[in-house]
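Asks: attaching a predicted model along with its sequence, questions to come.
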Amino acid sequence: MGTIYKRTGDNQRKSQKNWVAQTRIHGRTRSRSFHEKAEAKSWLAQTEGRAVLAENAPELAQRGARAELPHLFIVGHALDLYSTAAPRHVSTLTWKACQAPIVAYWRKQPLARRSISDVFRNDIKEWITKSRAAGCPAGTIRKRLNILKQAIDLGLERTQSSQRNPAAGHRIKRDPKRRRRPTPAEKCALYSAAQEARRALAYWAMRWAEECGMRRAEIARLRHQDINFENEPPILTVPLAKTQPRRFYMWPQLVRLYEEVSTDLGCTEYVFGGIRADSITQAFERIRRKSKISNEVTFHSFRYEANSWMVEKRVPRKLRKQIIGHVSDEMSDHYTEFSEVAAQIMSDASEARG
């Protein structure tokens, strides 16, 4: 089984090809450098897959399970190659939970029964279009397409074909979304849906993001030890922030919210139970779809909410930036959206003007 490692220190190359894949085949060591770890994994899977096929060539010939000619080699055979090679360079859990279900998905598709030489780029585009029309998430489409690419690459190398991989070059772009501040009705619907679905982590994460504007990754990594209760008022430190570490004083409402979260979730190390940041997004998306709220509202929208209510309550800009974590005034203004309170602000200003 091969290995993948990254060059560090003085061993780094100026060409940036610092990911090295290395394996031993037939008593000889083979290695190659790549820019990205994913490229190294793909090369290792293909190389070891060819070696396995070479060792089992007589048995496969007897069973007639493989065909050498490109026009007889179908996508299903390529998936067989991938199923042989992939488990050798990923963990058993990753293969069973992530990759094996995708391979099973492709085996059921009509594309799996077609010859590799009869698969064209338009076929891949048509599959992408149908998947998106069926409401398949963009992340799922990307994962399925990535495994199909690797399988077809193995098939083309097996048949020694110079044909271009029809799945190569395709990218699934995310739908352009304008994030915005959620309305009071939308917030109420989201909180109600989270409580009905018994998704306590999603509920508390939304409440926390609305109160202090922390990002989902910062919420996921927040530990009890990051809050200094020896000081009065307590000081919350965000050591792994996106831009730079920050710290701020906790106000009484945030302290009460922290106590409620700790009591409900009951994790001794992490405030939010050590949940992954992606899991927060996935739970929020389920709640949003259940509430039938526009996809313009994302979990990140609660940063708009936090920054906006602080502006409406006349919190000084420097203090807002310290809490939210914005570096520039322009970014702070970008996250500001006035609600119906804007009418009252303008009314007060008009009266003051006389």
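Replies: That came in fine, so what should we check first? Numbering: from 1, shown residues only.

Asks: output the contacting helices and strands for the strand or helix carrying E351.
Replies: Applying DSSP states H and E as the criterion places E351 in helix 341-353. Under the contact criterion of 3 or more C-beta pairs under 8 Å, 6 or more residues apart in numbering; DSSP states H and E, helix 341-353 touches helix 301-312. Every residue, glycine included, has its C-beta placed from N, CA and C.

Asks: now whatever helix or strand comes next after the helix it packs on: average pLDDT?
Replies: Counting by DSSP H and E, the next helix or strand C-terminal to helix 301-312 is helix 317-324. The average pLDDT for helix 317-324 rounds to 92.

Asks: any idea how many residues pack against G135?
Replies: Neighbourhood size, G135 [other C-beta atoms under 10 Å]: 7.

Asks: what angle sits between the strand or helix carrying F284 and helix 301-312?
Replies: Here F284, judged by DSSP H and E, is contained in helix 277-291. The directions of helix 277-291 and helix 301-312 differ by 80 degrees, with axes from the mean of the first three to the mean of the last three C-alpha atoms, to 10 degrees as the criterion.

Asks: list the buried residues in the helix holding E351.
Replies: Neighbour counts over helix 341-353 (16 or more other C-beta atoms under 10 Å) mark no residue as buried.

Asks: same deal with stretch 267-274?
Replies: Going by neighbour count (16+ other C-beta under 10 Å), the buried part of stretch 267-274 is 270-273.

Asks: which pair in these spans the largest distance?
Replies: For those, the farthest-apart pair by C-beta to C-beta is V271 and G273; their separation is 7.9 Å.

Asks: what do the two both touch?
Replies: Here V271 and G273 have L265 as joint contacts, going by C-beta atoms under 8 Å, 6 or more residues apart in numbering.

Asks: buried ones in the helix holding F284?
Replies: 277, 280-281, 283-284, 287-288, 290-291.

Asks: ok, stretch 153-164 next?
Replies: Buried residues in stretch 153-164, counted by 16+ other C-beta under 10 Å: 153-159, 161.

Asks: cool, stretch 296-308 as well?
Replies: Buried residues in stretch 296-308, counted by 16+ other C-beta under 10 Å: 297-299, 301-308.

Asks: and these, which is closest to Q253?
Replies: Once C-beta to C-beta is applied, the member of those that ends up nearest Q253 is A306, at 12.2 Å.

Asks: check contacts around that closest one.
Replies: A306 makes contact with 209-213, 323-324, according to C-beta under 8 Å, 6+ apart.

Asks: likewise Q99?
Replies: Neighbour list for Q99: 86, 90, 147 [criterion: C-beta under 8 Å, 6+ apart].

Asks: can I get stretch 295-302 in CSV, CA atoms only?
Replies: The C-alpha coordinates for stretch 295-302 follow below in CSV (Å, rounded to 0.1, in the frame of the first residue of the first chain):
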residue,chain,number,x,y,z
ASN,A,295,-32.1,30.3,-0.1
GLU,A,296,-31.0,33.9,0.2
VAL,A,297,-31.0,33.2,3.9
THR,A,298,-28.1,31.0,5.0
PHE,A,299,-26.5,30.4,8.4
HIS,A,300,-24.0,33.1,7.5
SER,A,301,-27.0,35.5,7.3
PHE,A,302,-27.0,35.6,11.1
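
Asks: residues in contact with it?
Replies: By C-beta under 8 Å, 6+ apart, stretch 295-302 touches 175, 177-182, 186, 190, 205-206, 209-210, 213, 215-216, 280-281, 284, 288.

Asks: tell me the one of the buried residues of helix 277-291 nearest R7?
Replies: R7 lies nearest to A277 out of the buried residues of helix 277-291, by C-beta to C-beta, at 28.5 Å.

Asks: ok, the closest one to H224 distance?
Replies: 18 Å (C-beta to C-beta, to the nearest Å).

Asks: quick revisit: can you redo the buried residues of stretch 296-308 as TSV with pLDDT and distance to W106?
Replies: Formatted as TSV, the buried residues of stretch 296-308 follow (pLDDT from 0 to 100; distance: C-beta to C-beta, whole Å):
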residue	pLDDT	distance to W106
V297	90	34
T298	90	30
F299	92	31
S301	92	35
F302	93	38
R303	92	38
Y304	91	40
E305	92	41
A306	93	43
N307	92	44
S308	91	45
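
Asks: same list (the buried residues of stretch 267-274) but as CSV, adding distance to P316.
Replies: Output for these, formatted as CSV (distance: C-beta to C-beta, whole Å):
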residue, distance to P316
Y270, 31
V271, 27
F272, 29
G273, 34
